[in-house]
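Engineer: No sequence on hand, only this structure:
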């Protein structure tokens, strides 16, 4: 929370500085003439995010904010020196005010409100019960986000299976379905899709276009889980039973006062997409529209209302703390800064430094290669954070939401699907993955290693995505 306040103060200080003249191209940067060296900080911070929690966890845990700030400084300082303070200021303000603030406000609200909802009690984790819980969690993910759904459902899932001899697969499939695939139907579900909404993609475009593919993938993955869980459950039946550390008790959903608050968040987002009063405010050349400011204000208020009306004991039972959202806020502030020159270069298309990459996803006749967009977005989203990866390929596809929703709808579908679905391929593809891994390990589940998890995703998800390629692209 202190970080958010400091960031807001910094932006206000920028806003009241003397007016300066800005370049008109992209974010004020001449992308066509910029070298690929400008992309190194972006690659560097994503590499740190991918390897830090695994290979230098102690250093990363205590210094991720400083490391992230250092990568951001390697973008801002050269921009000031190379293109002037005015252009650098405009570039940073444009990204932080129009994208980052709305992005982190939504995550903060969903994290806060869902943290006040507690599923208490316990049921026995049979194959049918487990499949039902996974399906409920997957549906919930598109309403409260993959992080929120993971927080709400992971502990009940662990309790239901803590007397099973084989329960690792339950958590692995939980990551597949609840922490990733389930968040594909609305901009609330996964950060990449909300970034698309902020770029102009209609709220229900995501629902209507992603639904057939999401249902197809969910049916295959959930079916595979049911067959595997049934086989293992029957094997366990022939062995001596394990004492259940959490005997079956009545299941209750507590903190229901937060449900109307979640509906309020959805209503605020829909309002900003429908209501266009034509009123805006300009801060150093950056135009802030009234409906978006009002949306963000309402969402912040709803989050604080949740803190007031929710019982602290429910949050404690959920293991709620501010660490995860603070980490996301700091890291993504740096990511949004580091991606500024990358987007400027991408906006130059075949005239920019990323021309070879653009060519890889472009057919000989100049049309997008949607299959290539799906797999390239997906592969990078597997090892890098899927939100900035989505932005990169969104810009590579032209960056015009109206064109991408209509003429190039298959391209936008490929980008969205690759970013959301393939974030499940590794522990680091999507933010909730590693959180679920950590919670499960602390609860005594013998979770697979980084590469062990990839054997699971390689066996279950990759064949599914290959089938998706034939059916949809």
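Structural biologist: It's in. All values reported here derive from a predicted model rather than from experimental measurement. Numbers count the residues shown, from 1 in each chain.
Engineer: rest of the way, CA atoms for contacts and neighbours
Structural biologist: Noted.
Engineer: Which residue ranges of this structure form strands?
Structural biologist: Using DSSP state E, the strands found in the chain span residues 118-122, 249-254, 280-283, 286-289.
Engineer: export those to JSON lines and tack on distance to residue 132 and mean pLDDT?
Structural biologist: Rendered in JSON lines, the data for those read as follows (distance: least, CA to CA, whole Å; pLDDT from 0 to 100):
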{"stretch": "strand 118-122", "distance to residue 132": "14", "mean pLDDT": "78"}
{"stretch": "strand 249-254", "distance to residue 132": "14", "mean pLDDT": "80"}
{"stretch": "strand 280-283", "distance to residue 132": "46", "mean pLDDT": "87"}
{"stretch": "strand 286-289", "distance to residue 132": "42", "mean pLDDT": "88"}
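Engineer: which of those strands sits most buried?
Structural biologist: Burial among the strands of the chain, expressed as mean neighbours by mean count of other CA atoms under 10 Å, is greatest for strand 118-122, which shows a mean of 19.
Engineer: Tell me which strands that strand pairs with, and in which orientation.
Structural biologist: Partner strands for strand 118-122, per DSSP bridges, with pairing direction: strand 249-254 (antiparallel).
Engineer: contacting residues around the strand it pairs with?
Structural biologist: Residues lying outside strand 249-254 but in contact with it, judged by CA atoms under 8 Å, 6 or more residues apart in numbering, are 117-123, 314.
Engineer: ok, so of those, who is nearest residue 223?
Structural biologist: Distance ranking of the contacts of strand 249-254 against residue 223, using CA to CA, places residue 123 first at 21.1 Å.
Engineer: That closest one and residue 162 touch, don't they?
Structural biologist: No. Using CA atoms under 8 Å as the test, residue 123 is too far from residue 162 to be in contact (10.5 Å).
Engineer: if you count what's nearby, which of these two comes out ahead?
Structural biologist: residue 162 (22 against 18; other CA atoms under 10 Å).
Engineer: Tell me the backbone dihedrals of the more buried one, please.
Structural biologist: Geometry field for residue 162 lists phi and psi as phi -80, psi -10, criterion degrees, to the nearest 10.
Engineer: try the one 4 residues further on
Structural biologist: Comment: the main-chain dihedrals of residue 166 come out as phi -120, psi 100, following degrees, to the nearest 10.
Engineer: contacting residues around it?
Structural biologist: The contact partners of residue 166, by CA under 8 Å, 6+ apart, come to 232-233, 236.
Engineer: Go again with 7 Å.
Structural biologist: By CA atoms under 7 Å, 6 or more residues apart in numbering, residue 166 lies in contact with residue 232.
Engineer: again with residue 80
Structural biologist: Residues near residue 80 by CA under 7 Å, 6+ apart: residue 88.
Engineer: do the same with residue 432
Structural biologist: With contacts taken as CA under 7 Å, 6+ apart, residue 432 has the following neighbours: 146-147, 150, 179.
Engineer: Okay, and which of the residues you listed map to helices?
Structural biologist: When DSSP state H defines the helices, the subset of those inside them is 146-147, 150.
Engineer: could you dump those to a markdown table with neighbour count?
Structural biologist: Converted to a markdown table, the ones in helices among the contacts of residue 432 look like this (neighbours: other CA atoms under 10 Å):
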| residue | neighbour count |
| --- | --- |
| 146 | 34 |
| 147 | 28 |
| 150 | 27 |
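Engineer: For those residues, point out the one with the lowest pLDDT.
Structural biologist: Here the lowest pLDDT out of the ones in helices among the contacts of residue 432 sits on residue 147, with 84.
Engineer: any low-confidence regions in the stretch 1-150 of the chain?
Structural biologist: 1-27 (pLDDT under 70).
Engineer: try 80 this time
Structural biologist: Using pLDDT under 80 as the threshold, the predicted model of the stretch 1-150 of the chain has low-confidence ranges 1-28, 46, 49-51, 53-55, 57, 120-124.
Engineer: Now do the contacts for residue 192.
Structural biologist: Going by CA under 7 Å, 6+ apart, residue 192 touches 386-387, 390, 419.
Engineer: how about 8 Å then?
Structural biologist: For residue 192, the contact set (CA under 8 Å, 6+ apart) comprises 386-388, 390-391, 416, 419-420.
Engineer: That one and residue 389, how far apart?
Structural biologist: Taking CA to CA, to the nearest Å as the measure, residue 192 and residue 389 are separated by 8 Å.
Engineer: which residues do those two both contact?
Structural biologist: Shared contacts of residue 192 and residue 389, defined by CA under 8 Å, 6+ apart, comprise residue 419.
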